[in-house]
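Q: no FASTA, just this:
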């Protein structure tokens, strides 16, 4: 979707709020939101791409008004509501409705392993369509759903810098349409191809683009 | 500027709040804002393009949270502050600082003439560079300042549909750089050139584009 | 090239730290400040509201449309140079210094928007309705005009060409809607009474008058 | 094709009508609801916070960088297939299943962002700092990297090539900053202690250690 979350290239946000030893959390409640989002998982729980798409569907004014962890809390709540795991009434009251039976399959503390990892890379039969060095052009797509091709890099020419095998396709996975593993490439764009003659002729922007969003250049 | 005001093509704003006999004003205070913006004028007052640029510079979250006339009030206030016509302290208190001498040159009720009009068309020496029917491509520009070329129509191919003579260039006029009259054209874009293959092959989008934002196509 | 000017009063204003959140109060405070400072005259505000809310309106555009329906020469001149024709009728005005007229018919449907702000032909149609200024309309109609029109009750066949006009300059657009069937007997004034504002924006079609 | 699903509970939620505006209260209410419904176990929340806030962090990335500085073979393998090399060191992990390493030097400067959300190599750098997640950083660094870097204290000569990496997939980027001068005598552990988080994102250069 062409949402306000897709902010690469936007003006109007002012200076970077940079601090040299900036922390991940600035308030205790932010830590709890993060822990809730990380810890609330059990069989059948939403995947990463569904979680991202929940954030993107926040009303645009809220997205821009909320802080980062408020947005996470919003995304978590929306995912729970859409999964019929909680009701709006329960959210508003902060307690379970009468007669609600607690689940017993939520994940235990053993899932708290920052070194656990599950790759998004998959084996596929299809051979990659593009070779490193080949000129490509990105698709001009404006889907109402989730995509990882930002607006600033659509309908733009670059070249294939690297191939990453086939990986889960967020555009499908966010919508419960399966993993649809698709070849993934890093594509290098001259900054001027993206931003016009005002950009430096020496600079480039690299992003990972799935094969279904690329045409021969 | 690439601001949230440039919303052509965005998702996430829901249904059109359409009402068949919808009014221009829904609250009395909206009428007063409109009247203030229309009536507060006197020699040296900001031009139309400066007024638009003031609205565009609202913090993005405010732009999206405010209603239409709240945004006008914001733009008016910002313009007055930038023109040093009021101080922030005066705005906050709603009254003039002690010793402030009232002006005596504000416009009278005779300006309230909806049939008065001043054209933005100007005579220029330069001949138009493009002819009706000619293929053109819009510039890929991302200026921090005001522009009337929306993001969705940048770096896109279309053809010249009509010529409107030379007209005041908002990109200059909004920044106090004079009127810089420049040839203006209506350019027709196939919807698919703008929105990709998902759009209807029969549809087109027309917009007015100044010559400095066009290349031969 | 950074995005901001050095902080000044205007920059601090963007934080809006101490202003009342109720817009009605903020307007009141601003009006009284500007009056006190001689930056606006209350009678000018009143006159602007009075004139623009009542003297102009869709009845102006409707006169142009009805004449185009009954007078083929007028229509041809209107579609060729609406600014001249509307000017002869005395209907140019504020936010309406140049006009282009767009004819809707069975094969072509025109619809008007301003994606960047809310430009609109004030002198011909009055001040714009709220929905025209909404984010949803500004965002959607250029990308998915058929879905928007369907949502507003205008269902277009696939073979109709949709033309969306984004008002990016000081040239305003007036849609000339299709003359409804069953109006052959009506005179120009009666025809003008049939023409709705929304049909001149391009988001409505005109129905045949009740028999 | 309209933008919204038919209104349901989730749709009504977007209005956020009755929720407390203080996020701390909202989190507390949500946590107690989810615990009550068995959707989360408090000890799991505590364990997640504890492990991710303390067990991982820039010290992991710094180990990789320091080794690349002292071992040319390692560096070549790292730049060729960082996922394999980081995996051998046991430093892959959540949000860090695949890694690409990018070498900064006098002629090329790499800087990393995620414009669409805030993807970041958790296992190598810990959880991301606030500024990395800010709208300003996400919006600006892809368009005007030199202005952003200058604002953050990194002034690049015009002939340096800037490469901005936008993290659009489950592949994470680790910048290998330039080894500062005057560090020839330091061992790998001492070198690792010099490597800052921000240098591994690409928004800082490393200074020579105090003599």
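A: That came in fine, so what should we check first? Just so you know, these numbers come straight off a predicted model, no measurement behind them.
Q: could you check the distance from the spatially most central residue of chain C over to residue C:94?
A: The residue lying closest to the centre of chain C (Cα atoms, centre = their mean) is residue C:120, at 3.4 Å. Distance, residue C:120 to residue C:94, by Cβ to Cβ, to the nearest Å: 11 Å. In this view, the C-beta of every residue, glycine as well, is placed from N, C-alpha and C.
Q: Same question for residue A:97.
A: 57 Å.
Q: quick one: which of those two has more around it?
A: residue C:94 (21 against 11; other Cβ atoms under 10 Å in any protein chain shown).
Q: which residues does residue 27 contact?
A: Answering for chain A, as no chain was given. Neighbour list for residue A:27: residue D:24 [criterion: Cβ atoms under 8 Å, 6 or more residues apart in numbering or on different chains].
Q: Sorry, I should have been clearer: chain C.
A: B:29, B:32, B:33, B:36, B:73.
Q: Who wins on neighbours among those?
A: That'd be residue B:33 among the contacts of residue C:27, by other Cβ under 10 Å, with 28 neighbours.
Q: got the end-to-end distance for stretch A:33-49?
A: 19 Å (Cα to Cα, to the nearest Å).
Q: just to revisit the earlier point, so what's the spatially closest residue to the residue nearest to the centre of chain C that is not a sequence neighbour up against?
A: Excluding the flanking residues, the one nearest residue C:120 by Cβ to Cβ, 6 or more residues apart in numbering or on different chains is residue C:128, at 4.1 Å. Residues near residue C:128 by Cβ under 8 Å, 6+ apart: B:24, C:118, C:120, C:122.
Q: and with 7 Å instead?
A: Contact analysis of residue C:128 by Cβ atoms under 7 Å, 6 or more residues apart in numbering or on different chains lists B:24, C:118, C:120.
Q: Quick one: the helices in chain A, in order.
A: A:28-39, A:48-56, A:60-65, A:68-82, A:88-93, A:170-173, A:191-195 (DSSP state H).
Q: swap in chain C?
A: Under DSSP H, chain C gives helices at C:9-13, C:23-36, C:42-54, C:58-70, C:72-80, C:82-88, C:122-125, C:135-140, C:145-151, C:188-194, C:197-201.
Q: hmm, stretch C:145-165 touching chain D?
A: Yes: contact between stretch C:145-165 and chain D, assessed by Cβ under 7 Å from any Cβ of the partner chain, occurs at C:147, C:151.
Q: close to chain A, is that stretch?
A: No: Stretch C:145-165 does not reach chain A (Cβ under 7 Å from any Cβ); its nearest approach is 10.0 Å.
Q: Could you pull out the buried residues of that stretch?
A: Neighbour counts using 16 or more other Cβ atoms under 10 Å in any protein chain shown place C:145-146, C:148-149, C:151-152, C:154, C:156, C:160, C:162-165 of stretch C:145-165 among the buried residues.
Q: contacts for that stretch?
A: Contacts for stretch C:145-165 (Cβ under 7 Å, 6+ apart): B:15-16, B:18, B:200, B:202-206, C:102, C:107-113, C:140-142, C:173, C:203-205, D:1-2.
Q: Could you tell me the end-to-end distance of that stretch?
A: Note: stretch C:145-165 ends 11 Å apart using Cα to Cα.
Q: And for stretch A:53-66?
A: Terminal-residue distance, stretch A:53-66 (Cα to Cα): 16 Å.
Q: Is chain D within reach of it?
A: Yes: with Cβ under 7 Å from any Cβ as the criterion, chain D is reached by stretch A:53-66 at A:55, A:59.
Q: avg pLDDT for that stretch?
A: On average, the pLDDT along stretch A:53-66 is 94.
Q: In strands only, show me the contacts of stretch C:145-165.
A: Among the contacts of stretch C:145-165, the members found in strands (DSSP state E) are B:204, B:205, B:206, C:102, C:108, C:109, C:110, C:111, C:112, C:113, C:173.
Q: what number of residues lie near residue A:145?
A: 15.
Q: got a pLDDT number for the closest residue to it other than its chain neighbours?
A: In this structure, residue A:145 finds its nearest non-sequential neighbour in residue A:175, 5.6 Å apart by Cβ to Cβ, 6+ apart. pLDDT, residue A:175: 94.
Q: same question, residue A:96
A: 95.
Q: Ignoring the adjacent residues along the chain, who's closest to it?
A: In space, residue A:96 is closest to residue D:36, 4.6 Å off (Cβ to Cβ, 6+ apart).
Q: And for residue C:50?
A: Using Cβ to Cβ, 6+ apart, the closest residue to residue C:50 is residue B:112 (7.1 Å).
Q: Kindly report the same for residue A:105.
A: In space, residue A:105 is closest to residue A:42, 4.8 Å off (Cβ to Cβ, 6+ apart).
Q: so who does the residue nearest the centre of chain A touch?
A: Central residue check for chain A by Cα atoms, centre = their mean: the C-alpha nearest the mean position is that of residue A:52, 4.4 Å away. Counting by Cβ under 7 Å, 6+ apart, residue A:52 makes contact with A:146, A:174, D:117.
Q: want to throw those into a markdown table with neighbour count?
A: Shown next, in a markdown table, are the contacts of residue A:52 (neighbours: other Cβ atoms under 10 Å in any protein chain shown):
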| residue | neighbour count |
| --- | --- |
| A:146 | 21 |
| A:174 | 22 |
| D:117 | 19 |
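Q: Just give me the closest of those to chain C.
A: residue A:146 (17.2 Å; Cβ to the nearest Cβ).
Q: how close does the closest one get to chain B?
A: 11 Å (Cβ to the nearest Cβ, to the nearest Å).
Q: Quick check: the residue nearest to that residue when sequence neighbours are not counted vs residue A:56, distance?
A: Excluding the flanking residues, the one nearest residue A:146 by Cβ to Cβ, 6+ apart is residue A:174, at 3.6 Å. According to Cβ to Cβ, residue A:174 and residue A:56 sit 9 Å apart.
Q: among the helices of chain A, which is nearest residue D:49?
A: helix A:28-39 (4.3 Å; Cβ to Cβ).
Q: neighbouring contacts of that closest one?
A: A:25, A:69, A:72-73, A:76, A:107, D:23-24, D:27, D:30-31, D:34, D:40, D:44-45, D:48-49, D:52.
Q: sorry, back to before: now tabulate the contacts of residue C:128 in a markdown table and tack on pLDDT and distance to residue C:64.
A: Below are those laid out as a markdown table (pLDDT from 0 to 100; distance: Cβ to Cβ, whole Å):
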| residue | pLDDT | distance to residue C:64 |
| --- | --- | --- |
| B:24 | 93 | 20 |
| C:118 | 96 | 21 |
| C:120 | 98 | 15 |
